[in-house]
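# Sequence first, predicted coordinates after that:
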Amino acid sequence: MTAVHARPILSHRLKHAALAALGIGVTVGLALAAAPAALHAQTAPTGPIEITTGTSPGGTPDVLMRRAAKILNEQKIITNPLVVQNRTGGSWMVAANFVLGRPGDKNIVLCIAQPILTTPITQGLPTIYDKLTPISMFIQGDLVLVVQPSSTVQNLKDLVALAGQRERSVKVAGAQSGSTDHMVAGLVEKAGKVKLNYVPFDGGGAAQAAFLGGNVEMMTLTPSEALPLVKSGKARIIAILASERRTDPELKDIPTAKEQGYDIVWGQAWGLAGPPGLDAGTVKFWDDAIAKLVANPEWQASLKENFLRSKMVPASEVKAHLAKLHEEHLALLRDLGLAKQPAVQ
C-alpha cells in the first residue's frame, strides 16, 4: 500500500516546488491541486429518490429497476428510499417528458430502455437520449429466434430457404411497429435477402399467444421467455443473436446466427439517466452506487437466473455509447421504412 500512495505525495511536492520556482504561493498550489478532487466529489441527494419507468408494472424494465432498487437499499449501497414509479403512455414519452421537465432535480432518474431511442425516430420527434444527463448502462440481454416445434425449419438457413420460396410467406409475430421484434425481423430479411410477413400485435404477450396458437411461424424472445416453451414442447430455438455462444448449460448448444452464416447480432440494454443539468456530484453518487451494484453477488445471481448480464458502462462513456446505439437503431428503422424525418432540434 505504501508504494501505491508514494506517487501522489511525490507529485504534490514536485508541483509545490515548481510553483515556488515560478513565484506562485504554496497556498494557491494547494488550492489548484485540490480542485480536481472537489469537482469529482459525490453528493448524495436528500430524501427519497424516484426511478421513473415508461412501462407498466411487471414489464421487464419495471422488474429490473425494482430488483436493482431493492438490492441497492438492502445492501445499504444507497440509503435514500428508492421508489420505482410507472409513468406509462406514448411509448415511454410520458416518462421521458416528465424527467426532462425536472432539470437539475437530484431526486429523480429515468430508466433507459429501447423506446427512449426508437420512439423519437419512428414518430419524427427530437432525440431524447442526448438531452438527459448520462449515468450508466448496466444491464444487457440476448435474444433468440423460435419456430413452431412441428416446423421443418431446423436452423436459420432453413428459415431463409423457406422464406425465399415465396415472398412474405413466413409469418412472424411481434409487438407494435418499430419494436425490438420488428427490428429483428428486419435484420433477418436483410441478412437472408428475403421478405417476411411481420404481424404486429398489441404487445409481446399477444404476439406470444398468436405463436402458441400456431398462427405464425416465428417470433423473437428472450432466453428466459423461450426456455420454458422449449421445455414444454411448444417451441424450438434456432439461433441466438449474440456475438458468441452462451456458456449456460441451457443455452450452450444453441448456435449464434453468425455461426450459421448470417451476421445478425442484436440484443437489449437498460440503464439510468438523470434530468437535464444534473450536477456532477450527483452523477458521481450514482456512478459509484451502480459500480457497487454490478459487483454485488446477489445482483449478479439474480440476473443470471434470467440469462441477463450486468456489465457497467460508466457515466463518462454513456453519452458515446447511447449515440452509437441511436445510430444503429436509426439505420435499421430507415431500412424498414419506419424512420420519419427528424423534427428540428
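Sure thing, it's come through.

# Going by residue numbers, what spans are strands in the stretch 101-250 of the chain?
108-112, 133-142, 144-147, 171-174, 197-200, 218-221, 236-240 (DSSP state E, counting those that start in this stretch).

# With just CA atoms, put stretch 177-190 into CSV.
In CSV, the C-alpha atoms belonging to stretch 177-190 read as follows (Å, rounded to 0.1, in the frame of the first residue of the first chain):
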residue,chain,number,x,y,z
SER,A,177,-44.3,-1.5,-35.5
GLY,A,178,-40.8,-0.4,-34.7
SER,A,179,-40.4,-2.7,-31.7
THR,A,180,-37.4,-5.0,-31.0
ASP,A,181,-39.3,-7.9,-32.6
HIS,A,182,-39.9,-5.8,-35.8
MET,A,183,-36.2,-4.7,-36.0
VAL,A,184,-35.0,-8.3,-35.6
ALA,A,185,-37.3,-9.4,-38.4
GLY,A,186,-35.8,-6.6,-40.5
LEU,A,187,-32.3,-7.9,-39.7
VAL,A,188,-33.2,-11.4,-40.8
GLU,A,189,-34.7,-10.0,-44.0
LYS,A,190,-31.5,-8.0,-44.7
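
# Only the buried residues of that stretch, if you could.
Of the residues in stretch 177-190, 178, 179, 180, 181, 182, 183, 184, 185, 186, 187, 188, 189 count as buried by neighbour count, 16 or more other C-beta atoms under 10 Å. C-beta here means a position set from N, CA and C on the backbone, and glycine is covered the same way.

# same question for it, mean pLDDT?
The average of the pLDDT scores along stretch 177-190 is 95.

# Let me see the ranges of the helices in the stretch 151-300 of the chain.
In the stretch 151-300 of the chain, the helices defined using DSSP state H, counting those that start in this stretch lie at 156-165, 180-192, 204-212, 223-231, 280-294, 297-304.

# any idea how far the fourth one is from the chain center?
Yep, that's helix 223-231 we're talking about. Offset of helix 223-231 from its chain centre (C-alpha atoms, centre = their mean, to the nearest Å): 21 Å.

# What residues sit buried inside that helix?
Quick answer for helix 223-231 (16+ other C-beta under 10 Å): 223, 225, 226, 227, 229, 230.

# Would you mind confirming that the first one makes contact with residue 146?
This points to residue 223. No. Between residue 223 and residue 146 there is no contact under C-beta atoms under 8 Å: 10.3 Å.

# Show me the shaky parts of the stretch 201-345 of the chain.
Applying pLDDT under 70 to the stretch 201-345 of the chain picks out residues 341-345.

# What is the three-state secondary structure of the nearest residue to residue 183 once chain neighbours are set aside?
The shortest distance from residue 183 to any non-neighbouring residue, by C-beta to C-beta, 6 or more residues apart in numbering, is to residue 332 (5.2 Å). Put simply, residue 332 is helix when judged by DSSP: H, G, I helix; E, B strand; the rest coil.

# how far away is residue 332 from residue 126?
20 Å (C-beta to C-beta, to the nearest Å).

# With residue 318 instead?
19 Å.

# Which one's more surrounded, those two?
residue 318 (25 against 11; other C-beta atoms under 10 Å).

# Let me know whether that one touches residue 138 as I believe.
No. Judged on C-beta under 8 Å, residue 318 makes no contact with residue 138 at a distance of 9.8 Å.

# residues shared between the contacts of those two?
residue 271 (C-beta atoms under 8 Å, 6 or more residues apart in numbering).

# quick one: what helix or strand has residue 326 in it?
Assigned by DSSP states H and E, residue 326 belongs to helix 315-335.

# got the CA coordinates for that helix in CSV?
Included here for helix 315-335 are C-alpha records, laid out as CSV according to Å, rounded to 0.1, in the frame of the first residue of the first chain:
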residue,chain,number,x,y,z
ALA,A,315,-21.1,7.9,-16.8
SER,A,316,-18.0,9.1,-18.7
GLU,A,317,-18.8,6.6,-21.5
VAL,A,318,-22.6,6.6,-21.7
LYS,A,319,-23.1,9.5,-24.0
ALA,A,320,-20.9,8.0,-26.7
HIS,A,321,-22.4,4.6,-26.0
LEU,A,322,-26.0,5.8,-26.5
ALA,A,323,-25.1,7.8,-29.6
LYS,A,324,-23.8,4.6,-31.2
LEU,A,325,-26.9,2.7,-30.2
HIS,A,326,-29.0,5.5,-31.6
GLU,A,327,-27.2,5.4,-35.0
GLU,A,328,-27.7,1.6,-35.2
HIS,A,329,-31.4,1.9,-34.4
LEU,A,330,-31.8,4.8,-36.8
ALA,A,331,-30.1,2.9,-39.7
LEU,A,332,-32.2,-0.2,-39.1
LEU,A,333,-35.5,1.7,-38.8
ARG,A,334,-34.6,3.5,-42.0
ASP,A,335,-34.1,0.2,-43.8
